[in-house]
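Chemist: Have a look at this prediction, sequence included:
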Amino acid sequence: MPALQLPFARLTPSLYKLTVVLALLSTSPVALAVPFCPASPDTITITSQQTVNTYYPGTASVTAGATSIPVGSPRGSTPIVAGDTLLIIQMQGAEIDTGDAETADGPYGDGPGNNDRSGNLSNNFVAGRYEYVVATGPVSGGSVPIEGELPGSGLQFDYTYRAAPTAVAGVASYQVIRVPVYQDLVITATGEIVPESWDGQSGGVVAMDIADTLTNNGAIEVSGYGFRGGQFLFTAGDNSVLIGKPTNGFKGEGIAGRPTLTYSTLRGGESNSIGYPTTGMQFDAEQGLGAPGNAGSGGGGDEDAGGGGGGNGGFGGNGGRGIPDATSRGIGGASFADQVFTPTVNRLVMGGGGGGSNGNDAGWDLQLSSGQAGGGLVFARFKNYAGSGEFRANGDSPGTGASEGIGGGGAGGTIAILTDSADLATASFEAVGGSGGFASNEFDGGGGGGGGGIIFIANSTGAVSTVSGGAAGGSFSEGDYDGFAGQIGVQFDTDYSLPPSAPFDCTFSPDSDGDSIVDAIDIDDDNDGIPDADEPAGDSDGDGVIDSLDIDSDNDGIVDNVEAQGDSAYLAPLGSDSDGDGLDDRYDSDDGGTAIVIVNSDTTGLPDYLDADSDDDGVPDLIEGHDANADGIADVQPAPDNA
């Protein structure tokens with residue numbers, strides 16, 4: 001018998017515990033590292049733009065082993081109930097170097113080197129970690145009770161919440177996301193699944209599990225739903241006057257924190273509490289040069305410098321110069337994948353926001369001169385795939401126009417896909433950086449392009465993905481006033497194998513009887529009319545197939561459906577299952593049927609369908625069990641009548 005793998009989410013807590021207890025009592029080895037993917041009887045069709053997740057911001061730090069998570073007010077329509085699958089993910093959390101960064105070619109944010117603004121893995125770097133858990137009840141008293149992979153276990157990781165920055169670290173945030181689970185999901189050509197927009201605490205992520213088939217002819221869309229850009233800063237004054245650092249453009253938002261003023265196409269301009277490290281001076285760590293984490297820096301110098309592009313799989317591009325010289329150009333955000341750590345599906349983040357520009361002339365445009373939002377995150381696990389739809393996690397672009405300096409593009413986001421050897425040749429996957437904006441006015445700098453995103457596609461064939469960096473933002477004056485393109489991102493879409501113990505991994509539940517209801521939620525896995533709960537957990541005939549999956553559990557040539565009912569009481573199945581629970585309507589009391597009353601002809605310890613000699617006459621049923629008159633009833637009679 002193969003190693004037993006345990007069902008994970010979507011089982012009721014009591015059934016989940018029973019499954020684990022039975023596994024622990026088994027003599028076979030127990031594999032706990034990879035749980036079954038959740039399963040559900042629900043099938044849904046999406047025909048318009050919809051949000052399927054519910055998002056709860058974490059409100060306090062929690063440690064590994066915790067079985068309760070403090071959460072704030074939800075965004076979304078479906079509250080958490082017991083048995084729901086939940087995704088816990090750290091959105092922000094990194095320490096950064098807050099020293100001065102006055103030159104565009106400094107060792108941060110613009111390419112390989114000592115990226116002292118990208119966060120530090122060895123020093124309280126937590127952004128990107130995540131795990132799946134199951135809710136054991138609804139939110140109560142501001143907390144949601146959860147259970148980890150094993151009964152009674154809690155979180156695998158610590159999750160950090162920090163509402164205000166310190167001298168070396170910006171704000172830190174994590175969220176709890178209710179993950180819908182479907183038997184089949186259909187997205188029509190007019191359908192689109194989107195997240196709630198990222199607001200600094202929650203949103204930006206689409207996560208779903210489909211036990212069988214995802215049919216996508218529309219889109220799963222998180223473009224521009226990632227970290228927000230930094231706003232343009234208007235400063236009144238004469239062009240010849242050296243304007244101090246507090247007049248530089250705002251840096252983008254990213255894994256290391258957020259600026260006071262953010263911008264995204266979805267949410268417009270917003271004011272936030274300060275979210276980057278500060279030394280007490282107004283705007284000192286959140287404006288101008290220096291790209292914190294995967295966020296692009298603001299335009300520096302006196303005025304009109306382009307903002308840097310956000311980063312993720314690839315570095316963001318630098319913005320174009322402003323006044324007085326090329327040292328004012330905004331710096332691109334760091335590559336989360338290449339610069340911070342070796343790319344792995346165990347740590348995933350949204351695309352970094354681009355940096356904003358600065359200037360003092362009238363007629364500026366907030367969208368053109370502000371940095372743009374990066375792409376969000378997609379987590380999708382499905383067994384099979386059909387359709388020609390799209391998965392998009394692109395960064396936004398400021399566009400082209402006459403303003404002051406132009407903002408940086410947002411970085412491409414992240415897409416993580418797990419299938420059961422599905423063919424994805426007809427699907428499209430994009431995590432492209434947003435283009436830097438074009439500056440139409442003379443002596444204004446163009447924006448840097450956003451870096452390309454990250455795409456992981458495991459256990460599939462035929463997938464084709466695009467993670468190109470955003471195009472450089474040009475300028476009317478050209479030369480040093482032009483921005484730079486974002487770098488290409490990272491993609492794993494050909495024979496990619498998940499690393500050991502990846503939190504994204506799971507084993508899809510089989511459908512043993514081919515009734516389109518996976519075994520994890522099918523109450524009669526072999527469709528013999530006998531509920532699995534009424535069949536022994538073992539393998540009575542030793543043929544390597546457990547009784548709940550064996551249509552002839554005693555291997556006597558008489559199928560269990562016939563032998564369990566006896567001679568005179570036999571009722572054939574109807575071939576219908578009105579409530580979709582896996583039990584034929586003929587034997588399902590919920591559907592007007594009558595449960596099979598298990599027959600034990602010889603009144604010994606075993607019922608007929610498990611007894612090799614059900615009438616105890618010394619002649620095995622394998623010999624005397626036949627149906628001479630083809631009436632569907634096996635000719636098994638108590639001794640001495642051996643028909």
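Modeler: Okay, I see it.

Chemist: Run a quick neighbour tally on residue 562.
Modeler: Residue 562 has 22 neighbouring residues, counting by other C-beta atoms under 10 Å. Quick note: C-beta positions are derived from backbone N, CA and C, even for glycine.

Chemist: repeat for the one 10 residues further on
Modeler: For residue 572, the count of nearby residues is 12 (other C-beta under 10 Å).

Chemist: Need the phi and psi values for it.
Modeler: Dihedral pair for residue 572: phi -70, psi 150, per degrees, to the nearest 10.

Chemist: ok, it touching residue 586?
Modeler: Yes. Using C-beta atoms under 8 Å, residue 572 makes contact with residue 586 at a distance of 7.3 Å.

Chemist: Quick check: phi and psi on residue 525?
Modeler: The phi/psi pair for residue 525 (degrees, to the nearest 10) reads phi -70, psi -30.

Chemist: can you pull the contacts of it?
Modeler: 512-513, 519, 532, 548-549, 582 (C-beta atoms under 8 Å, 6 or more residues apart in numbering).

Chemist: Same check on residue 461?
Modeler: Residue 461 touches 421-425, counting by C-beta under 8 Å, 6+ apart.

Chemist: rerun that using 7 Å as the cut-off
Modeler: Listed by C-beta atoms under 7 Å, 6 or more residues apart in numbering, the contact partners of residue 461 are 421, 423-424.

Chemist: Name the SS class of residue 44, please.
Modeler: Here residue 44 is recorded as strand under DSSP: H, G, I helix; E, B strand; the rest coil.

Chemist: Just the element for residue 623, please.
Modeler: helix 621-624 (DSSP states H and E).

Chemist: now that helix, how far from the chain's geometric center?
Modeler: Averaged C-alpha coordinates place helix 621-624 at 54 Å from its chain's average position (C-alpha atoms, centre = their mean, to the nearest Å).

Chemist: quick one: which helix or strand includes residue 211?
Modeler: strand 205-216.

Chemist: partners of that strand in the sheet?
Modeler: strand 181-187 (parallel), strand 377-386 (parallel) (DSSP bridges).

Chemist: now these as a markdown table including mean pLDDT, mean neighbour count and distance to residue 400?
Modeler: Shown next, in a markdown table, are those (pLDDT from 0 to 100; neighbours: other C-beta atoms under 10 Å; distance: least, C-beta to C-beta, whole Å):
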| stretch | mean pLDDT | mean neighbour count | distance to residue 400 |
| --- | --- | --- | --- |
| strand 181-187 | 95 | 22 | 33 |
| strand 377-386 | 97 | 24 | 29 |
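
Chemist: need the contact list for the closest residue to residue 52 other than its chain neighbours.
Modeler: Distance criterion C-beta to C-beta, 6 or more residues apart in numbering; nearest residue to residue 52, sequence neighbours excluded, is residue 180 at 4.9 Å. With contact set as C-beta under 7 Å, 6+ apart, residue 180 has these partners: 52-53, 208.

Chemist: ok, so of the residues you listed, who is nearest residue 397?
Modeler: Checking the contacts of residue 180 against residue 397 with C-beta to C-beta, the nearest one is residue 53 at 26.1 Å.

Chemist: Find the centremost residue of the protein, please.
Modeler: For the chain, residue 379 is the residue whose C-alpha lies nearest the centre (C-alpha atoms, centre = their mean; 2.3 Å).

Chemist: before we move on, back to that, of all the strands paired with strand 205-216, which one comes closest to residue 90?
Modeler: Comparing those under C-beta to C-beta, the one sitting nearest is strand 377-386, at 11.9 Å.

Chemist: Buried residues, stretch 475-489. List them.
Modeler: 475, 477, 481-489 (16 or more other C-beta atoms under 10 Å).

Chemist: actually stretch 443-454, not the one I typed
Modeler: Residues of stretch 443-454 classed as buried: 443-454 (neighbour count, 16+ other C-beta under 10 Å).

Chemist: pretty sure residue 207 is touching residue 376, no?
Modeler: No. Using C-beta atoms under 7 Å, residue 207 is not in contact with residue 376, being 10.6 Å away.

Chemist: And these two? Which one has more around it.
Modeler: Set residue 207 next to residue 376 and count neighbours by other C-beta under 10 Å: residue 376 wins out with 31 against 23.

Chemist: about what we covered before: so how far is residue 581 from the residue nearest to residue 52?
Modeler: To residue 581, residue 180 is 20 Å away according to C-beta to C-beta, to the nearest Å.

Chemist: Check residue 349 too.
Modeler: 40 Å.

Chemist: same deal with residue 168?
Modeler: 56 Å.

Chemist: mind listing what residue 212 touches?
Modeler: Counting by C-beta under 7 Å, 6+ apart, residue 212 has contacts 183-184, 383-384, 516, 518.

Chemist: ignore the last one, residue 308
Modeler: By C-beta under 7 Å, 6+ apart, the contact set of residue 308 is 109, 291, 296-297, 316, 318-319, 330-333, 354-355, 408, 448.

Chemist: try residue 515
Modeler: Residues counted as contacts of residue 515 (C-beta under 7 Å, 6+ apart) are 522, 527, 577, 582.

Chemist: quick one: the first one and residue 582 touch, right?
Modeler: Yes. Contact between residue 522 and residue 582 holds when scored by C-beta under 7 Å: they sit 3.3 Å apart.

Chemist: Compare these two and say which one has the larger neighbour count.
Modeler: More neighbours surround residue 522 than the other of residue 522 and residue 582, with 27 against 24 (other C-beta under 10 Å).

Chemist: Doesn't that one lie inside a helix?
Modeler: No. Residue 522: not assigned to a helix; according to three-state DSSP it is coil.

Chemist: Please tell me how far it sits from residue 222.
Modeler: 33 Å.

Chemist: and if you look at residue 265?
Modeler: Taken as C-beta to C-beta, the span from residue 265 to residue 222 is 13 Å.

Chemist: neighbour count winner among those two?
Modeler: residue 222 (32 against 21).

Chemist: returning to what we had before: please identify which of the contacts of residue 461 is nearest to residue 361.
Modeler: Distances from residue 361 to the contacts of residue 461, taken by C-beta to C-beta, are shortest for residue 424, at 49.3 Å.

Chemist: Do a quick rundown of the helices in the protein.
Modeler: Counting by DSSP state H, the chain has helices at residues 13-25, 366-369, 560-563, 621-624.

Chemist: same question for stretch 72-92, mean pLDDT?
Modeler: The average pLDDT within stretch 72-92 is 96.

Chemist: what about the spatially closest residue to residue 216 that is not a sequence neighbour, how many residues close to it?
Modeler: Spatial nearest neighbour of residue 216, excluding adjacent residues (C-beta to C-beta, 6+ apart): residue 389 at 3.3 Å. For residue 389, the count of nearby residues is 23 (other C-beta under 10 Å).

Chemist: Could you check the pLDDT of residue 389?
Modeler: At residue 389, pLDDT is 98.

Chemist: Residue 28 now?
Modeler: 31.

Chemist: and what of residue 171?
Modeler: Per the predicted model, pLDDT is 94 at residue 171.

Chemist: Residue 438 too?
Modeler: Confidence score, pLDDT, at residue 438: 85.

Chemist: swap in residue 595?
Modeler: Confidence score, pLDDT, at residue 595: 93.

Chemist: where does it fall, phi/psi-wise?
Modeler: Residue torsions, per degrees, to the nearest 10, at residue 595 are phi -60, psi 140.

Chemist: Burial check on it, number of neighbours?
Modeler: What residue 595 shows, counting by other C-beta under 10 Å, is a neighbour count of 14.

Chemist: Surely it is in contact with residue 589?
Modeler: Yes. Using C-beta under 7 Å, residue 595 is in contact with residue 589, at 5.9 Å.

Chemist: what's the distance between stretch 561-578 and the middle of its chain?
Modeler: 44 Å.

Chemist: For it, buried residues please.
Modeler: 561-567, 570, 573, 577.

Chemist: For that stretch, C-alpha coordinates in CSV please.
Modeler: Output of stretch 561-578 as CSV, limited to C-alpha atoms (Å, rounded to 0.1, in the frame of the first residue of the first chain):
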residue,chain,number,x,y,z
ASN,A,561,-23.6,-3.6,-4.7
VAL,A,562,-25.3,-6.9,-5.4
GLU,A,563,-23.9,-9.0,-2.6
ALA,A,564,-24.6,-6.5,0.1
GLN,A,565,-28.3,-6.4,-0.6
GLY,A,566,-29.0,-10.1,-0.8
ASP,A,567,-31.2,-12.1,-3.2
SER,A,568,-34.7,-10.8,-2.8
ALA,A,569,-34.1,-7.2,-1.7
TYR,A,570,-31.8,-6.1,-4.6
LEU,A,571,-32.5,-2.7,-6.0
ALA,A,572,-30.4,-1.5,-9.0
PRO,A,573,-28.8,1.9,-8.9
LEU,A,574,-30.6,4.7,-10.7
GLY,A,575,-27.5,6.3,-12.1
SER,A,576,-28.3,9.7,-10.7
ASP,A,577,-27.0,11.8,-7.8
SER,A,578,-29.2,14.8,-7.2
